[in-house]
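Colleague: give me coordinates for this.
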Amino acid sequence: MKKVDIRYCTYCKIYTMKEICKICGRETIVKKPPRFSPQDRYGKYRRYLKKLEKGLV
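Modeller: Here you go, the predicted model:
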């Protein structure tokens, strides 16, 4: 059985399971989240930027 990864089109900004985007026809990339680490030095800044983007700060 083949392992299927979620893929992302950087041009259209959509997620798909295909290697080629169905909208623009460009190649997609494998999108994986960063590894979790309890000693995350930059987590505080990442969470702050997320809040800024949503207008919560």
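Colleague: how about residues contacting the helix or strand of the chain with the lowest mean pLDDT?
Modeller: Within the chain, confidence by mean pLDDT, DSSP states H and E is lowest for helix 43-54 among all helices and strands, at a mean of 89. Residues outside helix 43-54 that contact it (CB atoms under 8 Å, 6 or more residues apart in numbering): residue 57. C-betas here are computed from N, CA, C, even on glycine.
Colleague: what about that helix, distance to the chain center?
Modeller: Here the centre of helix 43-54 is set off from its chain's centre by 16 Å, with CA atoms, centre = their mean, to the nearest Å.
Colleague: restricting to C-alpha, output it in PDB.
Modeller: Output of helix 43-54 as PDB, limited to C-alpha atoms (Å, rounded to 0.1, in the frame of the first residue of the first chain):
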ATOM      1  CA  GLY A  43       7.200  29.300  19.700                       C
ATOM      2  CA  LYS A  44       6.300  32.400  21.600                       C
ATOM      3  CA  TYR A  45       7.000  34.600  18.600                       C
ATOM      4  CA  ARG A  46       5.100  32.300  16.200                       C
ATOM      5  CA  ARG A  47       2.000  32.300  18.400                       C
ATOM      6  CA  TYR A  48       2.300  36.100  18.700                       C
ATOM      7  CA  LEU A  49       2.400  36.500  14.900                       C
ATOM      8  CA  LYS A  50      -0.600  34.200  14.500                       C
ATOM      9  CA  LYS A  51      -2.600  36.400  16.900                       C
ATOM     10  CA  LEU A  52      -1.500  39.500  15.000                       C
ATOM     11  CA  GLU A  53      -2.700  38.000  11.700                       C
ATOM     12  CA  LYS A  54      -6.100  37.300  13.300                       C
END
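Colleague: what about stretch 29-38, how long is it end to end?
Modeller: This stretch, stretch 29-38, spans 27 Å end to end (CA to CA, to the nearest Å).
Colleague: start at 796 instead
Modeller: Understood, numbering begins at 796; the last thing we discussed is stretch 824-833.
Colleague: how far out from the middle of the chain is it?
Modeller: 8 Å.
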